[in-house]
Structures are given as structure tokens and as C-alpha cells.
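Peer 1: I'll drop the sequence and a predicted model, then ask my questions.
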Amino acid sequence: MQNSVRAAVAASLLALCGHALAATTGAQDVPRPLGTHRPSAATIAQWQDRRFGMFIHFGLYSALGGEWQGKRVDNGYSEQILANGNIDGTAYAATASSFNPVDFDADTIARLAKAAGMKFIVVTAKHHDGFNMFHTRVTPYNIVDATPFKRDVVKELAEACKKEGLAFGVYYSTIDWHHPGGNTYIEGNSNPITAGQEAFNVAQLKELLGNYGPIAEIWFDMGKPTAAQSRHFEETVHALQPQTMVSGRVWNHQGDFTVMGDNAEPKVRVEEPWQSPASMFPETWGYRSWQQRGDVQAKVRENISRLVRVVSAGGNYILNIGPKGDGSVVPFEADVLHGIGAWMATNGEAVYGTRASPFGRLDFGHATIGRDKVYLFIDHAPADGVLHLPGVVGSPFGDIRLLGGAPGAAVDARRAGDGLDIHAGTLLAGQAAKAFEPVIALSLAKPLRVIPRDVRAPANGMVDLPEADAEKFLNYNGYGYEDPSTVYKLQWHAALGEGHYEVTVRYVASRSSKAMALVVDGHAQALVLPAGQGEQSVVAYVERDATRQPDTMQLELTPPEPFNKGTPLGVDVVRVSVRRAVASGS
């Protein structure tokens, strides 16, 4: 089929859709959350502003310390020793009679989190082993009824967080190896949730959300619930506390925030709220008595670097500790947190309440954006002290200062190549800058404008945008931990000014026609991609006024708008080409 014929077919199909080529405003090119009762925008912003928090993995497994009957169990995380050690469930449950963490001190842990610069705590209320660290009435298999300790760890931590001004959350495993019908380990912890387990989980969720004060977030984990079960868990939480943030590991795209894999960071930009969970050691989250812990300062630097990478990409960083079986914090982990806290005491303003870097790759480190400042994290200072900021339009900066250093001075910013060079040699030569990961703050004298990276310029009157060069946006946290992410949006930028343009989308056709949205500078119009075989093309016409996007044309392909979380783009796009049109319509 020739391009002209394909265009005619496409136009006919679009006409049948009811003026589908008419541009609409207020494009919803970001997935909408599923359901109706979701945290407010203010709650989401507060959650994002915290940026750094403490995870606590603490349970029966802590007393075992990664060993069973005198032998090390090293084929997996120590908090999953029941499955990894092939331990009889009755024998494991019997250890509760001697579990007595008398050195557990919630106030000390909350103060440690605060000293580290953390703004929230999340504790394991119930892990996969099914043992409950709170006083549940649903089962006697809990720390109050089944142990000599007789104290509610979740309650004490909730109260300690309240005293210290920390947000409080709970981890809850939807799988339960102690529960009848759910006690078989499946590779990847991808257990289906039985109807009995679903009812059990819902009853416990009502206890956690009803008896422990405000819950900032609930960290669901693992299993393969059905879409209906994921929705049931989410709705149970929000019916009791509408502002609780539900983790993406409730699965089936029902979370309020996306969760990366363990110790993982995203390789692409994430538009929705997200969190990166990190353990001190990749081998385990729960306490392991024989763990090789290494050098404290090296671990401090490792976690500061991870925190900076996550925050500069727009995420929250939650770092785990695994208390010993007696309830005390491992001294090495406490020392690491104090080391991070010393850095945060100087540089925390570049972390809290900031948003992702708008720049492309920075050759010296990373960046965040505050309310009226740009923060530059110096991983490795250039020998000449020049920090290049690509894509910056104009000269928006006021003064410059090193956090923890002298008061601000006039910034020396000069146009260079594709952006601005910030001459910071004097600041970087100072003693304060010799500390690990120093931060430079640039005040904003006017709004920051940054031209996106990888802007394509016209060649022979046309801009060619291959699919391989698009920025890809992904749906995470689908049907279980191992479910692959899917693309919901492709985005390009082109150096094109005002005017009328012809946009050709080339795609791999399927047996039935497909719909998608073409979004140019925030204005969307529907496209119908005709059925067929092999590669086909469809043509649309757009008018660019450059009001919303003055520097470059932003062109996107998304599912038909508006669309929900989890909706894939659903079309194999080959490339998009854009050229100036003689006319704006047919």
C-alpha cells in the first residue's frame, strides 16, 4: 500500500471515529490511578518530600541469625530462612516460645533514624514466615501471644515515630507460609493467594489501619494476587485511611507508588511517585550473624551515593536495618546511619522536598531542583572547576554557595556549547568541598528552562524520530514480581518552531486496527492505525504555537487518552517523521 493510499484509509477511519483528528487540550499523557479513593495530591507531595527513610526487617528469623541447628543457610535472604533452609514449619514456629528481644527499644531506633536524616520508618508487621510483630486477634501466632516478650513491636514503633516527628508505615506480606493452604514455597515467592488467605489478610489490614494511628504507607510484598484481590487489599486500606500510600507490590497496578526491585534503580525516567528499597548488604535484609560487613566509611559512601542517584532521578530511598534477635541494632549498621546523618546534616536541603534533575547526563555528578534553587552533587570535581549544565536557556542563576561553606557569592556562569558553564573552582578548592559528595547550591533569579537532551534537528526538511531513540516510560508492578514492565509512552523532542506540520507514524500492523494518541506540546489528538500486514504508516496534521513548549517540539505517542495505570501502548512503532505541511488539514 502506497503512503497516499494509507493516509486516505487512515483519514476515513478517523472520520468514522468522530473528528478524531481534532486537537484536544489538557492532555492526560500520564496514567491515571485505578479506582476512586486515592491519596490527595498534597499527600503524594508530602510523601515525595520525605525522600529518605528507614526499613526494618525484624521477626522470628532475627533470632536465628541465618543459621538453623548450627549450620549456615546461605542460599537466599535470611528473613526467608524457613523456605531457604527447608525447615519444618512446626519446628520453626516453635522458636517463638524462646523469642524474647529484651533489648528492643523503639525510642532508640526512632532517634537513630532521625539522626541519620531519615523522615519515615517502615517495619515488617508480617513477613512471609507468617509471624506477626503486632498483637493481632486473627491468630495467636504473634509476638504478644506466642512469645515471652509479650510486647507489640508495631505499636511501640508507631508511638516512637510520633514522638520524634517521623512518618510511620508497615510492611505486610500477602503470602504467608504459616497459613493453611499458603504454606508452600514457590520460586520467586509467586504464590497465588487463596480465598482463605485473602480474608485473613483483609482482617489484619483492618487491624493495622484501625489500631495504630496514621499509617503513612503500607508496603505490600510478593505473591501473585488476582486483579480483584489487589483491588480488595487497596480498597481495604483506603476505606480506613484514604491518605495512606499503598506500595506497588500490592500488584496489578493498584499501588499509589511504584516500587523498584530490591536494591534496584530505574534505567528510565519515572513519572509517578516511586521508591527504591535498599539493604545494607545485597545478601540479606534480616539479621545474619555471620555477615561480612566490611568498612563503615565505605558503606556510608555507598549509601550516600545511592541516595543521591535515587533522589536526583525523582525517587525516595528506603534503607534497611536488620536488628539482632535480642532486638538491638547491629553496631555496624548504627555507625553507617550516623555517618550518613553527618552528611545529611550539611546537605539535607538538597534532598528533602526536591524533584528530579531536569538535565541530561552531568559529567561531574547529579542534580536536584528545589523550590528556588538548583543543587549540584559533585561526584568528581573537574580539574578546572567548571561544571557544565547542558540545555540551560538564558542565565537564570543568582548566587552560588557550597552547602556547609561560606555565604553565597555571585555566580560566574558563561554560555558554552549547549548550555552554561558554572565556574566553581574557588568553591571546590575550599576545605569543605573536600568532604565526600559536596553540594553546590545555585539560587534561581528566574524560572529555570532546560532544553531536553537528544533534540533532533531537521535534515532535508524533515525530522526523523526512530523508535530506538525515543525516551520510554514504563508500567511497573503488574502481575507479580517477575512480570516484565511494559511501555506506555514514547517521547521525542525536535527543533521545530511554530507552524503546521505533517506527522507520519510508521508501525507494524496487526490483524485489527489499533488506536493511540499523538500528543504534541501537550495537545492530544486520536489516531487510528489501520489493520494490515507488515509495516504501515498513518499521517496526522498538527499546528504548533510553541506556547507551552517554547524551545522544542515535544512529541509523544500514548494509549488513547485518558488511560489508566498498566495500559500498554500496544503498538510496535517503527519511527515517526515530522515535516512542515503546506496546509494544516487534509
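Peer 2: Good, I have the coordinates.
Peer 1: quick one, helices of the stretch 351-500 of the chain?
Peer 2: 425-429 (DSSP state H, counting those that start in this stretch).
Peer 1: Please apply the same query to the chain.
Peer 2: For the chain, helices defined by DSSP state H occupy the ranges 3-16, 41-50, 60-64, 81-84, 89-94, 106-115, 153-164, 195-211, 227-240, 296-312, 331-347, 425-429.
Peer 1: Point out the other helices and strands that the second one packs with.
Peer 2: Taking 3 or more C-beta pairs under 8 Å, 6 or more residues apart in numbering; DSSP states H and E as contact, the helices and strands that helix 41-50 lies on are strand 245-246, strand 316-321. All C-beta atoms are positioned from the backbone trio N, CA, C, and that covers glycine.
Peer 1: let's go with 6 Å and repeat that
Peer 2: Of the remaining helices and strands, none touches helix 41-50 by 3 or more C-beta pairs under 6 Å, 6 or more residues apart in numbering; DSSP states H and E.
Peer 1: The last one now?
Peer 2: Using 3+ C-beta pairs under 6 Å, 6+ apart as the contact test, no helix or strand touches helix 425-429.
Peer 1: Contacts for that helix, please.
Peer 2: Defining contact as C-beta atoms under 6 Å, 6 or more residues apart in numbering, one finds that helix 425-429 is touched by 381, 385, 402.
Peer 1: Same check on the second one?
Peer 2: Here helix 41-50 makes contact (C-beta under 6 Å, 6+ apart) with 119-120, 243, 245, 273, 353.
Peer 1: any idea of the angle it forms with strand 316-321?
Peer 2: 50 degrees (axes from the mean of the first three to the mean of the last three C-alpha atoms, to 10 degrees).
Peer 1: buried set for helix 41-50?
Peer 2: Neighbour counts over helix 41-50 (16 or more other C-beta atoms under 10 Å) mark 43-44, 46-48, 50 as buried.
Peer 1: pLDDT averaged over that helix - what is it?
Peer 2: For helix 41-50, mean pLDDT rounds to 98.
Peer 1: same deal with the shortest one?
Peer 2: The average pLDDT for helix 81-84 rounds to 95.
Peer 1: Could you do the first one as well?
Peer 2: When the per-residue pLDDT values of helix 3-16 are averaged, the result is 37.
Peer 1: ditto for the last one
Peer 2: Computed over helix 425-429, the mean pLDDT rounds to 90.
Peer 1: same question, the fifth one
Peer 2: In this model, helix 89-94 has an average pLDDT of 96.
Peer 1: Give me the contacts around that helix.
Peer 2: Contacts of helix 89-94 (C-beta under 6 Å, 6+ apart): 82, 183.
Peer 1: in it, what's buried?
Peer 2: For helix 89-94, by 16+ other C-beta under 10 Å, it's 92-93.
Peer 1: Centroid-nearest residue for this protein?
Peer 2: By C-alpha atoms, centre = their mean, the mean C-alpha position of the chain lies nearest to residue 274, the distance being 2.1 Å.
Peer 1: before we move on, back to that, can you tell me which of the contacts of helix 41-50 lies closest to residue 495?
Peer 2: residue 273 (32.0 Å; C-beta to C-beta).
Peer 1: Surely that closest one and residue 255 touch.
Peer 2: No. Applying C-beta atoms under 6 Å, one finds residue 273 not in contact with residue 255, separated by 9.2 Å.
Peer 1: quick one: which of these two has more around it?
Peer 2: Comparing residue 273 with residue 255 by neighbour count (other C-beta atoms under 10 Å), the higher total belongs to residue 255, at 29 against 19.
Peer 1: any idea how far residue 246 is from that one?
Peer 2: Separation of residue 255 from residue 246 (C-beta to C-beta, to the nearest Å) stands at 5 Å.
Peer 1: By neighbours, which of the contacts of helix 41-50 wins?
Peer 2: Highest neighbour count within the contacts of helix 41-50: residue 245, with 26 neighbours (other C-beta under 10 Å).
Peer 1: In contact with that residue, which residues?
Peer 2: Residue 245 sits next to 39, 47, 217, 256-257 when contact means C-beta under 6 Å, 6+ apart.
Peer 1: Restricted to strands, list those.
Peer 2: Judged by DSSP state E, the subset of those located in strands is residue 217.
Peer 1: As CSV, the contacts of residue 245 with distance to residue 136 would be great.
Peer 2: Formatted as CSV, the contacts of residue 245 follow (distance: C-beta to C-beta, whole Å):
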residue, distance to residue 136
39, 25
47, 26
217, 20
256, 24
257, 26
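Peer 1: rewinding a little: and among the helices of the chain, the most buried is which?
Peer 2: helix 60-64 (a mean of 26; mean count of other C-beta atoms under 10 Å).
Peer 1: Out of the buried residues of helix 41-50, which is nearest to residue 420?
Peer 2: residue 48 (27.3 Å).
Peer 1: for the contacts of helix 425-429, which one is nearest residue 495?
Peer 2: Among the contacts of helix 425-429, and counting by C-beta to C-beta, the member closest to residue 495 is residue 385, at 31.3 Å.
Peer 1: Residue 409 versus that closest one, what's the distance?
Peer 2: From residue 385 over to residue 409 (counting by C-beta to C-beta), the distance is 14 Å.
Peer 1: likewise residue 273?
Peer 2: Taken as C-beta to C-beta, the span from residue 273 to residue 409 is 36 Å.
Peer 1: What of residue 270?
Peer 2: Distance from residue 270 to residue 409, by C-beta to C-beta: 36 Å.
Peer 1: Those two: who's more crowded?
Peer 2: residue 270 (19 against 12).
Peer 1: quick one, what contacts that one?
Peer 2: Residue 270 neighbours (C-beta under 6 Å, 6+ apart): none.
Peer 1: Need the pLDDT of it.
Peer 2: 96.
Peer 1: And residue 527, by the same measure?
Peer 2: So residue 527 comes in at 96 (pLDDT).
Peer 1: Dig out what it forms beta bridges with.
Peer 2: residue 516 (DSSP bridges).
Peer 1: Likewise for the one 10 residues further on?
Peer 2: Here residue 537 sits in beta bridges with residue 506, as judged by DSSP bridges.
Peer 1: What about it, how many residues nearby?
Peer 2: Using other C-beta under 10 Å: residue 537 sits among 21 other residues.
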